[in-house]
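Chemist: Fold the following.
(chains A and B)
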Protein chains: 2
Amino acid sequence: MVVSAMGDTTDDLLDLAGQITKDAPAREMDILLTAGERISMSLLAMAVTELGVPAHSYTGQQAGLRTDTRYGKASIVAIGPERITNAIDEGQVAIVAGFQGVNELNDVTTLGRGGSDTTAVALAAALEADVCEIFTDVDGLFTADPRIVSTARKIGHITYEETLELAANGAKILHLRAVEFARRYGVALHVRSSFSDKEGTWVTDETAPGQEETMEQPIISGVTHDRSEGKITVVDVPDVPGIAARLFEVVAGAGANIDMIVQNVSTHGTGRTDISFTLPESDGRAVLDALSDAVDLLQYSEVRWDDQIGKLSLVGAGMRSHPGVSARLFGALWEAGVNIEMISTSEIRISVVTRAEDLETAMRAVHTAFELDAEETEAVVYGGTGR
Amino acid sequence: MVVSAMGDTTDDLLDLAGQITKDAPAREMDILLTAGERISMSLLAMAVTELGVPAHSYTGQQAGLRTDTRYGKASIVAIGPERITNAIDEGQVAIVAGFQGVNELNDVTTLGRGGSDTTAVALAAALEADVCEIFTDVDGLFTADPRIVSTARKIGHITYEETLELAANGAKILHLRAVEFARRYGVALHVRSSFSDKEGTWVTDETAPGQEETMEQPIISGVTHDRSEGKITVVDVPDVPGIAARLFEVVAGAGANIDMIVQNVSTHGTGRTDISFTLPESDGRAVLDALSDAVDLLQYSEVRWDDQIGKLSLVGAGMRSHPGVSARLFGALWEAGVNIEMISTSEIRISVVTRAEDLETAMRAVHTAFELDAEETEAVVYGGTGR
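Modeler: Reported below is the predicted structural model:
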């Protein structure tokens, strides 16, 4: 078992640090935050022991989880899980602290966001486990967020690739990094509820667990939404070669992760164009400041900031072999009266940006148009797992 | 710097464990409790860094504190403080988690009560430090608890031996075990306030720091009180050889620590006597049960339990060379109208048991009789250090 910190523990610890400094040394922050998993893992070991099953808890260091030295966002470099193997061989339940490892200096490191899932997947790979079960507060991955699309269905099986696209585009259940790790090492994931024994969602490559044959792919696996982005439009930049490169150097210098980019065709015969891009809202301030400082370099007339956008993404490995998906998507949005502001695609995904207020309408229309609706609404239980 | 957990952290963690089980595995309890020092040490490192002084925090394991495997009450077996030495050589403030070490299995252990003081003293010994400063919520050791005896004076210098007697008899500032460690390794202690720069109390052997000559000893260093004990009287046991041995075997079997013992002279010509002893109130229930089970063996007529007792102890290395101390003590108590129920002595201590309600009167009378009163009352600040 790999555990994360309980409830609000991590936020509470961050809050304590925030009362002392806005600029905590990363090494100390990692020592601080790893206290959360130590508390949850030892309490869980007590609880399992109390049930009559022998259980021991292990820190990342004790579980042999070695990382590089990038405090706060360390990468796993090796796992030597001898103590865990021995514990399991002795019939113990081995409970391991997620999210943490130890570097070559014998200092504690944390793996950053999604770290506990990543620990679980990495450990499953090192132990050559049949499956890594991810227990969460919902029954599995759904074709859409059931809080918005009440007819959403639980997905029985989905590929790593699709899951990566879902996770990268707003689905909150699995962390991107854990899925990447699972894909790289071929670890089958079973995402399921902590509150029931129901079968959840299997995430594997295109072969379903226990089957030799490649399954038939559904065209669309799911629809995600993301309200966490904002849009910046840089108006009237000179439409000359290299202007986009210069613009995005400025943006990158502000440390922002760009998502979608649209460069308009130069329409006014003025030799000028508009460039729009989306980015996490939290990066907006820094990028606006950087652009403001670069007005002489970029020679734009105006910068516009819009945080009232929503992004809808349609994900499905079957898209590759089924033409017409985008036509059906745009048709459904048009019928629902939803205007599309930006579009981007990958091999197995189409994303559109809409007004934030239209996002839920769009979700339901698209979910229905691709025949994802369940015949009966499934009961979904939400809890708080602290993950 | 050696830190303990903040405020109520340890109690809060114990409470969490208590919600799960009344019988937590000691190994897991140690992992749980050591989270408290990890939180305080990393926050302190952030705070010191914020002041512009480089600081790193170190766990017991990182500080090279190796212990035996007795979880919850481990003993230090070796210290290899290379990381600490290196950190100090580099000009860093090294902040070490108190109370914890690592055993030969690479498992975390705790040193039990007073563990943070013990870590500090042990580390000071390993680093051959000039002094180990113990920061607490009062200005030092006092001739009596200033909350009871308002005229109590801060002690400037006191020997290890006297400090051990004070700590063993109710003084709460220093933990017995840390003082024993300091004595064994000759570590000078300076007990002082966290809230001021005032000189505190030096604890050394009979040579004061910086002096070659043995100082003149004051006759009495201090008076302590202890309300945490109860008294058991076993009435009418046969006054035959070996009865006390049998009785105290029964008591030891219940796991109790006996303090004082009084066996009355057989007065009734009945060949029977009474045996009284004091012990921590918290051990009372277990001993009463054990005695009740042993009524056939011990053939007593009755067992009495009295938790309304108080103990006063007079401690001073000068007692050895000054006769008349007990006469002056009993005289002072007689004049104050305080009845003495039990007496015990060591080479440098006299303890008496009184009614609990007489204890404060007794403290003040004895403090005055031995000329310990300050000419002016010193201001004493109490805080909450969580130690």
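
Chemist: check contacts around the residue of the stretch 101-250 of chain A found nearest chain B.
Modeler: For the stretch 101-250 of chain A, the residue closest to chain B is residue A:106, as judged by Cβ to the nearest Cβ, at 6.1 Å. Backbone N, C-alpha and C define where each C-beta goes, glycine included. By Cβ atoms under 8 Å, 6 or more residues apart in numbering or on different chains, residue A:106 lies in contact with A:61, B:61-62, B:83.

Chemist: And residue A:290, by the same measure?
Modeler: Taking Cβ under 8 Å, 6+ apart as the criterion, residue A:290 is in contact with A:250-251, A:253-254.

Chemist: from those, which would you call buried?
Modeler: Using 16 or more other Cβ atoms under 10 Å in any protein chain shown as the burial test, those include A:250-251, A:254 as buried.

Chemist: Which ones among those map onto helices?
Modeler: Where the buried ones among the contacts of residue A:290 overlap with helices, as defined by DSSP state H, the overlap consists of A:250-251.

Chemist: pLDDT on the helix or strand hosting residue A:285, on average?
Modeler: Mapping residue A:285 onto the secondary structure by DSSP states H and E places it in helix A:284-293. The predicted model assigns helix A:284-293 a mean pLDDT of 94.

Chemist: and the helix or strand encompassing residue A:96, what other elements does it pack with?
Modeler: With elements taken from DSSP H and E, the one containing residue A:96 is strand A:93-97. Strand A:93-97 sits against strand A:2-3, helix A:26-50, strand A:55-58, helix A:82-89, helix A:115-126, with contacts defined as 3 or more Cβ pairs under 8 Å, 6 or more residues apart in numbering or on different chains; DSSP states H and E.

Chemist: repeat that with 10 Å
Modeler: Helices and strands touching strand A:93-97, as assessed by 3 or more Cβ pairs under 10 Å, 6 or more residues apart in numbering or on different chains; DSSP states H and E, comprise strand A:2-3, helix A:26-50, strand A:55-58, helix A:82-89, helix A:115-126, helix B:26-50.

Chemist: That strand to helix A:115-126, inter-axis angle?
Modeler: Taking axes from the mean of the first three to the mean of the last three Cα atoms, to 10 degrees, strand A:93-97 and helix A:115-126 form an angle of 130 degrees between their directions.

Chemist: ok so, going back, format the helices and strands packed on strand A:93-97 as TSV; extra columns: mean pLDDT and distance to residue A:222.
Modeler: Shown next, in TSV, are the helices and strands packed on strand A:93-97 (pLDDT from 0 to 100; distance: least, Cβ to Cβ, whole Å):
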stretch	mean pLDDT	distance to residue A:222
strand A:2-3	96	26
helix A:26-50	96	31
strand A:55-58	97	35
helix A:82-89	96	34
helix A:115-126	94	19
helix B:26-50	96	39
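
Chemist: measure the residue of the stretch 101-250 of chain A closest to chain B to residue A:25 for me?
Modeler: Separation of residue A:106 from residue A:25 (Cβ to Cβ, to the nearest Å) stands at 17 Å.

Chemist: With residue A:143 instead?
Modeler: Following Cβ to Cβ, the distance that separates residue A:143 from residue A:25 is 44 Å.

Chemist: out of these two, which sits in the more crowded spot?
Modeler: Per other Cβ atoms under 10 Å in any protein chain shown, whichever of residue A:143 and residue A:25 has more neighbours is residue A:143, with 25 against 21.

Chemist: Give me the buried subset of the contacts of residue A:106.
Modeler: A residue is treated as buried here by neighbour count (16+ other Cβ under 10 Å); on that basis the buried members of these are A:61, B:61-62, B:83.

Chemist: Please enumerate the helices of chain A.
Modeler: Shown for chain A, the helices assigned by DSSP H span residues A:9-20, A:26-50, A:82-89, A:115-126, A:160-168, A:176-185, A:243-253, A:284-293, A:295-298, A:325-335, A:359-369.

Chemist: Flag every buried residue along the shortest one.
Modeler: So that's helix A:295-298. Counting neighbours by 16+ other Cβ under 10 Å, one finds that the buried residues in helix A:295-298 are residue A:298.

Chemist: Quick check: which helices or strands does it pack against?
Modeler: In terms of contact count using 3+ Cβ pairs under 10 Å, 6+ apart, helix A:295-298 is assigned the packing partners strand A:229-238, helix A:243-253.

Chemist: let's see 7 Å
Modeler: In terms of contact count using 3 or more Cβ pairs under 7 Å, 6 or more residues apart in numbering or on different chains; DSSP states H and E, helix A:295-298 is assigned the packing partners helix A:243-253.
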